[in-house]
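**Student:** Task: produce atomic coordinates for the following.
(one chain, ligands or ions: 1)
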Amino acid sequence: MRRCRRTYILGAVCLLGTNAFALLVPWLLKLAVESLRNPSAASRSATWYGGAIIGAALIHGVIRIFSRTTLLHAARRIEYAIREDLYVKLLSLDMPYFEGGRTGDLMSRFANDLTNIRMLLGFGVLNIINTALIYVSAIALMARINPSLTLWAVVPFPLMIIAAKGITRRMFHHSRRAQEELAHLTSQAEESIAAAVVVRSYCREDATVAAFEEIGRRYLRRNMTMARLRGFLLPIMAATSALGTLIVLFLGGQRVIGGAMTLGDFVAFNGYLAMLVWPTIIFGWILNLIQRGAASMARLNEVFDAVPRVTEPEEPAGAWPLRGEIELRDVRFSYGTAGVASPPVLDGVSLTVSAGSSLGIVGAVGSGKSTLVRLLARLYPIPDGRIFLDGTDVNRMPLSRLRSAIGFVPQESFLFSRTVRENIAYGKEGATSEEIEAAARLASLDGDVLRFADGYETVVGERGVTLSGGQKQRTAIARALLKNPAVLILDDPLSAVDAQTEDAILESLSGYWGDRTVVIVSHRLSAVRECDRIIVLKDGVIAEQGSHDDLLARNGLYGAMWREQQIQREIASL
Ligand SMILES: Nc1ncnc2c1ncn2[C@@H]1O[C@H](COP(=O)(O)OP(=O)(O)OP(=O)(O)O)[C@@H](O)[C@H]1O
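**Tutor:** Numbering: from 1, shown residues only. Alright, predicted model coming up:
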């Protein structure tokens, strides 16, 4: 709003002008009537006043167009700026904020709440200024013509305001609830579309439709209540303003007949009273706009006020470029948010990975492997003095630098609904075709891509739906390789391919490791066999660590897992 203050001032000045000309019309009408009744006493002829009325009405129309476009454009610009700010804010928020299925809710804030705010700042502000100007000036002019009749004419107004306040308070409550229901509806629709395969394969179409209908019904009920309330509001407004007109016709008519008021004054008085009718009728609508706009602003402020728990350091530190030495000191972590206790996922993990070496992380399902690697990239908040890269606390490294030094391939690879080439190129701004294709070759993706009809220009569909699981994973790996990071983290990156293919891909990839630090999380021990060091996580602690041979010789957890997987492999190859 502050950014468009000048435009709003200009719009308000235009509204002042447009209302001045609108108010001039009844006054000219009064003079025209008086000139007709008593031509000798009039300074101008009735024809002159007729021309002046047409002129005033024309100027009023032109300035009106200008005032409306000025204010409505300002509202559009503010909506645009808020949308941009909201987007930037969302991108600044961290993983904990987005967990808990907020997508639909956030989408509805982008769509409905922004529309409500634009309506308030555009039509709302326009009508608030307009109403205030018309009320003040029309009532002042009416009082100038006949103060006592003015008092009678405005008698119904307090009644109207009390009724409007009561109804709009209830409308506000229902409006907010309706916006929340719409957010649920959007979430539900989005989730069902994303999970179309699951819905069909479990034959849950009917149940999904029923759940959707239930939310839709709640949304409909809220809107019906709002419509009912609005339905009450309009007749109440119209009836009270009609009451004012009736009073003026009766009392004003008596005054004219009694000679206490001229016919010209009576005509002008009615003209001004008629000007109050529209602002009075839309008074409730404006209140509704204010209520909706306030509710929407409150919902947007919830996002703007959200504080990311992963923040930029106040005093950044660290030498660049990074070599890739990782150190963890007694790392403890749980996913619980403030005030909600949750069991520790990592319970005192300490280890050092020297730059250029490789670390394999294995362990049972849910033992904390993914959590550990997510913390390296600071995707979740961690206390100071726990994780170090090249001797610098990661909390003190600028996030952009830290993350650009880390190539992270998460367990569930996310592809954008663009081409294969664009998906890989996401890893490096301005990457050349040669670099993209070299990364694809390293990730053993090139053979698959060349079989696609459009090669690298193949559009992968939403979230890569037209690719196989293994192709998606390798595209995500190619994207990370293209980034040329000092630390490469692969979180179970080849779970969708068979063990032999995984071996072949990792073999090809090992030529790329060079002096990079590589961290591989895997359920298949064969994937980490070549790592310099392997840790076995169990219930959030390092249960065993060493090289593959050390761990086999120890004949503990790792040894047992290895033997089990070897037997499975042999059975599978029969
Ligand atoms: N975002 C999250 N919010 C809350 N709890 C989580 C979250 N992510 C993981 N957890 C919990 O933390 C524990 C460790 O999960 P993590 O994904 O680190 O295990 P993992 O060893 O990688 O498992 P897997 O082998 O299945 O990938 C699990 O109990 C899991 O339920």
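**Student:** could you point out which element follows the helix or strand harbouring Ile128?
**Tutor:** Following DSSP states H and E, one finds Ile128 within helix 125-145. Next helix or strand after helix 125-145 toward the C-terminus (DSSP H and E): helix 147-153.
**Student:** any residues touching that following helix, and which ones?
**Tutor:** 139, 142-143, 244, 247-248, 251-252, 255, 261, 269, 273 (Cβ atoms under 8 Å, 6 or more residues apart in numbering). Bear in mind the C-beta positions are built from the backbone N, C-alpha and C, glycine included.
**Student:** Could you rerun that using 10 Å?
**Tutor:** For helix 147-153, contacts defined as Cβ atoms under 10 Å, 6 or more residues apart in numbering pick out 138-144, 146, 241, 243-248, 250-252, 254-255, 260-261, 265-266, 269-270, 272-273, 276.
**Student:** chain center to the very next helix or strand once past it: distance?
**Tutor:** Downstream of helix 147-153, the first helix or strand assigned by DSSP H and E is helix 156-194. Put simply, helix 156-194 sits 19 Å off its chain's centre (Cα atoms, centre = their mean, to the nearest Å).
**Student:** Stretch 48-67 too?
**Tutor:** In terms of Cα atoms, centre = their mean, the centre of stretch 48-67 is found 44 Å from the chain centre.
**Student:** Buried ones in it, by neighbour count?
**Tutor:** 49, 52-53, 56, 59-60, 63-64, 66-67 (16 or more other Cβ atoms under 10 Å).
**Student:** May I have it as PDB, with CA atoms only?
**Tutor:** The C-alpha trace of stretch 48-67 is given here as PDB (Å, rounded to 0.1, in the frame of the first residue of the first chain):
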ATOM      1  CA  TRP A  48     -28.200  27.700 -20.000                       C
ATOM      2  CA  TYR A  49     -28.600  25.600 -16.900                       C
ATOM      3  CA  GLY A  50     -29.700  22.600 -19.100                       C
ATOM      4  CA  GLY A  51     -26.400  22.900 -21.000                       C
ATOM      5  CA  ALA A  52     -24.400  23.300 -17.800                       C
ATOM      6  CA  ILE A  53     -26.000  20.100 -16.400                       C
ATOM      7  CA  ILE A  54     -25.000  18.200 -19.500                       C
ATOM      8  CA  GLY A  55     -21.500  19.600 -19.300                       C
ATOM      9  CA  ALA A  56     -21.100  18.800 -15.600                       C
ATOM     10  CA  ALA A  57     -22.500  15.200 -16.200                       C
ATOM     11  CA  LEU A  58     -20.000  14.700 -19.100                       C
ATOM     12  CA  ILE A  59     -17.000  16.000 -17.000                       C
ATOM     13  CA  HIS A  60     -18.200  13.800 -14.100                       C
ATOM     14  CA  GLY A  61     -18.200  10.800 -16.400                       C
ATOM     15  CA  VAL A  62     -14.700  11.400 -17.800                       C
ATOM     16  CA  ILE A  63     -13.100  11.900 -14.300                       C
ATOM     17  CA  ARG A  64     -15.000   9.000 -13.000                       C
ATOM     18  CA  ILE A  65     -13.400   6.600 -15.500                       C
ATOM     19  CA  PHE A  66     -10.000   8.000 -14.700                       C
ATOM     20  CA  SER A  67     -10.500   7.700 -10.900                       C
END
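**Student:** Now that stretch: average pLDDT?
**Tutor:** Stretch 48-67 shows a mean pLDDT of 92.
**Student:** for stretch 526-540, same thing?
**Tutor:** 91.
**Student:** Would you indicate which residues of that stretch are buried?
**Tutor:** Quick answer for stretch 526-540 (16+ other Cβ under 10 Å): 526-531, 533-537, 540.
**Student:** First-to-last residue distance for it?
**Tutor:** 22 Å (Cα to Cα, to the nearest Å).
**Student:** now that stretch, how far from the chain's geometric center?
**Tutor:** Using Cα atoms, centre = their mean, the offset of stretch 526-540 from its chain centre is 40 Å.
**Student:** Next: stretch 423-434.
**Tutor:** 28 Å.
**Student:** if we can go back for a sec, switch the buried residues of stretch 526-540 over to JSON lines; also include secondary structure.
**Tutor:** JSON lines is the format used below for the buried residues of stretch 526-540 (DSSP: H, G, I helix; E, B strand; the rest coil):
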{"residue": "Ser526", "secondary structure": "helix"}
{"residue": "Ala527", "secondary structure": "helix"}
{"residue": "Val528", "secondary structure": "coil"}
{"residue": "Arg529", "secondary structure": "coil"}
{"residue": "Glu530", "secondary structure": "coil"}
{"residue": "Cys531", "secondary structure": "coil"}
{"residue": "Arg533", "secondary structure": "strand"}
{"residue": "Ile534", "secondary structure": "strand"}
{"residue": "Ile535", "secondary structure": "strand"}
{"residue": "Val536", "secondary structure": "strand"}
{"residue": "Leu537", "secondary structure": "strand"}
{"residue": "Gly540", "secondary structure": "coil"}
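**Student:** Those residues into TSV, with extra columns for distance to the ligand?
**Tutor:** TSV is the format used below for the buried residues of stretch 526-540 (distance: Cβ to the nearest ligand atom, whole Å):
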residue	distance to the ligand
Ser526	16
Ala527	13
Val528	13
Arg529	18
Glu530	20
Cys531	17
Arg533	18
Ile534	14
Ile535	12
Val536	11
Leu537	6
Gly540	8
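**Student:** The residues you listed: which two are farthest apart?
**Tutor:** Checked with Cβ to Cβ, these reach their widest spread between Glu530 and Gly540, with 25.9 Å between them.
**Student:** quick one, what contacts Ile117?
**Tutor:** 75, 78-79, 82-83, 124, 289, 292-294, 296-297, 299-300.
**Student:** so it sits in a strand?
**Tutor:** No. Assessed with three-state DSSP, Ile117 is helix; it does not lie in a strand.
**Student:** okay, now Val497: neighbour count?
**Tutor:** 19 (other Cβ atoms under 10 Å).
**Student:** pretty sure it is touching Ile477, no?
**Tutor:** No. Judged on Cβ atoms under 10 Å, Val497 makes no contact with Ile477 at a distance of 11.1 Å.
**Student:** Overlap of the contact sets of these two?
**Tutor:** With Cβ under 10 Å, 6+ apart as the test, Val497 and Ile477 both reach 444, 505.
**Student:** tell me the angle the helix or strand encompassing Ala56 makes with helix 125-145.
**Tutor:** In this structure, Ala56 sits in helix 46-92 according to DSSP H and E. Counting by axes from the mean of the first three to the mean of the last three Cα atoms, to 10 degrees, helix 46-92 lies at 150 degrees to helix 125-145.
**Student:** Quick check: the residue nearest to Leu379 when sequence neighbours are not counted vs the ligand, distance?
**Tutor:** Nearest residue to Leu379, sequence neighbours excluded (Cβ to Cβ, 6 or more residues apart in numbering): Met95, at 5.0 Å. In this view, Met95 and the ligand are 7 Å apart by Cβ to the nearest ligand atom, to the nearest Å.
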